[in-house]
Structures are given as structure tokens and as C-alpha cells.
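**Q** what shape does this take:
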Amino acid sequence: LTIEETAALERARTHGATSVFFRRFQESGRASIPQAYIFDNTHDGWTQEALTKLQWELWNSHEVPLCFIFQSDRIDILSCWTKPDFFDPKTGQKTYTPNEAIMLAADVQDELERFSGDALENGSFWDNPKNANLADRSKAAHDSLVRAIVELDDELREKRILPEALRRKVLVICLMLKYLEDRGVLDAADFHKFSPGATQLFQVLGSAKSFVSLLEAQCRRFNGDVFRLSAAEKQMLRERDAELGRFASVLDGMTSNRQMHLWKLYSFEHLPVEVISYIYQRFVQGAVGAIYTPPFLVDFLLSEAMPYAQISAKFRVLDPACGSGVFLVGAFKRLVNLWRFNRGWRRPGETVLKRRLKELIHQVNGVDAD
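**A** Below you'll find the model as predicted:
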């Protein structure tokens, strides 16, 4: 396996996949592209609840377009790049719902040919009109989340909650805090420290004093200023304490089913941080013409510009219009993969990653007008 393929297999294993199907481009030398994760459930080891959680995670991670789950009597096909059929917006409940299923007791030759490895390998699978429902990026997790945040911002504006610039800044800061909460970086102990009795982020939002204190603590904890509010913004929040409480109610879904569904549908634990950074760039920095670059496109361009075989101590990366830095993050991930490859795919600890990042500071650079 190549380094790219091994890295993809490592990601697939974290979900419990047994294999990965790659599309290879050996003649052109282009990097392989994962087409599907394969799961073996022929002995019914996965419960319905576990399968529901798996489908939810895979849809949010957006790592691969298809998943094949081999059951004892059928093959379930999950699409990770289309609308979430497993989610009921009326009840907010998730239920394992394959996009397609091949029943092995029936005459399945046509279906097996439709999903053949040859069709995936040569790309004709995606040209087949029968498969059009299995890929619709506008309804996939990343693009639909951006749309959901726009709708949430519109709803807050209609309710006249906070001035626009401050409202958008607080909204995106809350998304980043939610990301940290779902990843286990922030927990009940952190929230209780600033709001007695609070165990979740949204409970801290009920008080401007508690919320500002939480943000000040994150400013000290993390480098950069994404959690920083100006003195004027802090004062404005304190003066509009009641409005912040209404903001928290909408955000937590207490006054809007749409938002309740938002938090149930999206898993910030599995969404890549690049999605959050793009939303920050678009809403807080107001970047004109900013376009979300999906991870698969980042991987493709980096494979072309930064092939593993050419990476050396003299290798330099410059992104002269880096925006929120998705290519810089991708470049760093590739350098970490190379580090792991040279050490039997051992996982580096936090200390090693920080030291490696400092060593690479002159090797990977980004510039932007904003």
C-alpha cells in the first residue's frame, strides 16, 4: 500500500471497517482515491443502535462516498455524500436506513453488476443515472451544515437578537465551543466553573457574565484570538443579558425545533475542523467570495503538488491566498503521515506533534490579505 492508502485504511479502521476499496491511477501516477469502506456484519455483531451511530458518523465525516455493509442475508449500501435518509426531522430521531440494499436470496446479477468493482474503478459508476441519488453534495453534511447556519443566522436576525456583527461572532464562537465540547476538550467541569450547576455549553450561555468568563478562559488556553471579544463587545453582551438568554434558547432548540434537529443531526465530533474554520472565515471575517474547499479536493490538489515521493527536508509549501488554512492543515497532515510511515505507523503524541509543527514553521507557510 502507498502512504495515502495506508492513511485512508487507518481512518477506516477507526469506524470498524474491515477493508477499503480504492480507485487507482497507476498509469498516470495520480494518488489513489478511496471509493468505499467495507464492513463485515455477516455474524450480526453490530446492533441496530450501533449501525445507526455508524451511519451518522460516516455521513458527518464525509470521508468516503460509499459504504458496503455485508449482512447475513443482504448487502446494505450507505451513501455518505447525499441527504441523511436516516434522520427524521419531525421527531429528531435517527434510525439506521440504508440508501440501497441487495437481497442475496433474489436474482441479484443486475444489481451486482451495477455495484461492481470495475464500475467503481473506472469511474463509470457515477455516470450511471441509477446512482444519481447516491451523490448530492448540496445535501451532504458539510454543505448542508453551512446552509443550516445561514438559516439559523436569519432566524436570529428575524427575532432581533443582538446586533448583526456581534450576533454572527457569538454564533460562530458557539459552534467552535460546541466542537470542543463534542470532542471532549471541554466538559462539565469547565462549564460548572463559570456557571454553577451547568454541565453543557448552552447552560453557560444563559448569563453574559458566565459566557464572557468562559471565553476569557479559552483565550488564555488557546493560541490565537478566535475566542476574543473586544471590551465594547463584552459590555454590549452584559447590557443585553436578556437577549443573550433568548439567543441561547434558539441555539439550544428550546424555541425552535429546527435548531434542536441541527444539534441532533450534526456530529461535531466527526465533522472536520476545516468546516468550522470556513464558517468562521465567512461569518466573522466576512471574507468576500470565500468558498468551502471539501477535504477530497484538498487531498487531490496536495497529491498533485506535494507527492510523498518528493517530500524532503528541502521541501517548501506556500499558499499565497490561504484563507482559513485548509491546505496548510492538509500539508501538515501529510508531513505527519510521512513521520508515521517512517516509524511503522506509530501514533505521535501531542509533544511530538507540537515539536514537529515548530520544526516545520519555515517549511509550510500561508499568506492572506485578511
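**Q** low-confidence regions, this protein specifically.
**A** 253-258, 285-290 (pLDDT under 70).
**Q** host element of the closest residue to residue 292 other than its chain neighbours?
**A** For residue 292, ignoring the flanking residues on the chain, the nearest one in space by C-beta to C-beta, 6 or more residues apart in numbering is residue 278 at 4.6 Å. (Glycine included, C-beta is placed from N, CA and C.) Here residue 278, judged by DSSP states H and E, is contained in helix 273-283.
**Q** not counting its own residues, what contacts that helix?
**A** Contact partners of helix 273-283, identified using C-beta atoms under 8 Å, 6 or more residues apart in numbering, comprise 142, 145-146, 149, 153, 168-169, 171-172, 175-176, 179, 226, 268, 287, 290, 292-293, 295, 298, 323-326, 329.
**Q** at 6 Å instead, please
**A** 142, 149, 168, 172, 175-176, 179, 287, 290, 292, 323-324, 326 (C-beta atoms under 6 Å, 6 or more residues apart in numbering).
**Q** got the CA coordinates for it in PDB?
**A** The C-alpha trace of helix 273-283 is given here as PDB (Å, rounded to 0.1, in the frame of the first residue of the first chain):
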ATOM      1  CA  VAL A 273     -12.500  21.200  11.900                       C
ATOM      2  CA  GLU A 274     -11.900  22.700   8.400                       C
ATOM      3  CA  VAL A 275     -15.700  23.100   8.100                       C
ATOM      4  CA  ILE A 276     -15.800  25.200  11.300                       C
ATOM      5  CA  SER A 277     -12.900  27.300  10.200                       C
ATOM      6  CA  TYR A 278     -14.600  28.100   6.900                       C
ATOM      7  CA  ILE A 279     -17.800  29.100   8.700                       C
ATOM      8  CA  TYR A 280     -15.600  31.400  10.900                       C
ATOM      9  CA  GLN A 281     -14.000  32.900   7.900                       C
ATOM     10  CA  ARG A 282     -17.300  33.500   6.100                       C
ATOM     11  CA  PHE A 283     -19.400  34.800   9.000                       C
END
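**Q** helices or strands up against whatever helix or strand comes next after it?
**A** The helix or strand immediately downstream of helix 273-283 is helix 295-305, counting by DSSP H and E. Contacts defined by 3 or more C-beta pairs under 6 Å, 6 or more residues apart in numbering; DSSP states H and E place helix 295-305 against helix 326-341.
**Q** my read: residue 238 touches residue 208, true?
**A** Yes. Between residue 238 and residue 208 there is a contact at 4.8 Å, judged by C-beta atoms under 6 Å.
**Q** out of these two, which sits in the more crowded spot?
**A** Neighbours per residue (other C-beta atoms under 10 Å) separate residue 238 from residue 208, with residue 208 holding more: 20 against 14.
**Q** next one: that one from residue 239, what distance?
**A** Distance, residue 208 to residue 239, using C-beta to C-beta, to the nearest Å: 8 Å.
**Q** could you do residue 367 as well?
**A** On the measure of C-beta to C-beta, residue 367 and residue 239 end up 38 Å apart.
**Q** and the helix or strand hosting residue 171, how far out from the chain middle?
**A** Using DSSP H and E, residue 171 sits within helix 164-182. Helix 164-182 sits 16 Å away from the centroid of its parent chain (C-alpha atoms, centre = their mean, to the nearest Å).
**Q** what does stretch 22-36 give?
**A** The answer for stretch 22-36 is 23 Å, by C-alpha atoms, centre = their mean.
**Q** so the residue nearest to residue 75 when sequence neighbours are not counted is in which element?
**A** Using C-beta to C-beta, 6+ apart and skipping the chain neighbours, the partner closest in space to residue 75 is residue 102 (4.4 Å). According to DSSP H and E, residue 102 maps onto strand 100-103.
**Q** just the CA atoms of that strand, as PDB, please.
**A** What follows is strand 100-103, C-alpha atoms only, in PDB (Å, rounded to 0.1, in the frame of the first residue of the first chain):
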ATOM      1  CA  GLU A 100     -30.000   0.700  -1.100                       C
ATOM      2  CA  ALA A 101     -30.000  -3.000  -0.200                       C
ATOM      3  CA  ILE A 102     -29.200  -6.000  -2.300                       C
ATOM      4  CA  MET A 103     -31.200  -9.100  -1.100                       C
END
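**Q** got the contact list for that strand?
**A** Here strand 100-103 has contacts from 74, 75, 76, 77, 108, 111, using C-beta under 6 Å, 6+ apart.
**Q** how about 10 Å then?
**A** 66, 68-71, 73-79, 108, 110-112, 114-115, 130-131, 133-134 (C-beta atoms under 10 Å, 6 or more residues apart in numbering).
**Q** now do the helix or strand hosting residue 248 against helix 164-182, angle only.
**A** Element membership for residue 248, per DSSP H and E: helix 241-251. Angle, helix 241-251 to helix 164-182, by axes from the mean of the first three to the mean of the last three C-alpha atoms, to 10 degrees: 50 degrees.
**Q** buried residues in helix 241-251?
**A** Neighbour counts over helix 241-251 (16 or more other C-beta atoms under 10 Å) mark 243, 244, 246, 247, 248, 249, 250, 251 as buried.
**Q** and of these, the nearest to residue 264?
**A** Residue 264 lies nearest to residue 251 out of the buried residues of helix 241-251, by C-beta to C-beta, at 13.4 Å.
**Q** quick one: contacts for the closest one?
**A** Residue 251 neighbours (C-beta under 10 Å, 6+ apart): 152, 155-156, 161, 170-171, 174-175, 178, 201-202, 205, 259-260, 262-263.
**Q** roughly how far does it sit from residue 178?
**A** In terms of C-beta to C-beta, residue 251 sits 9 Å off from residue 178.
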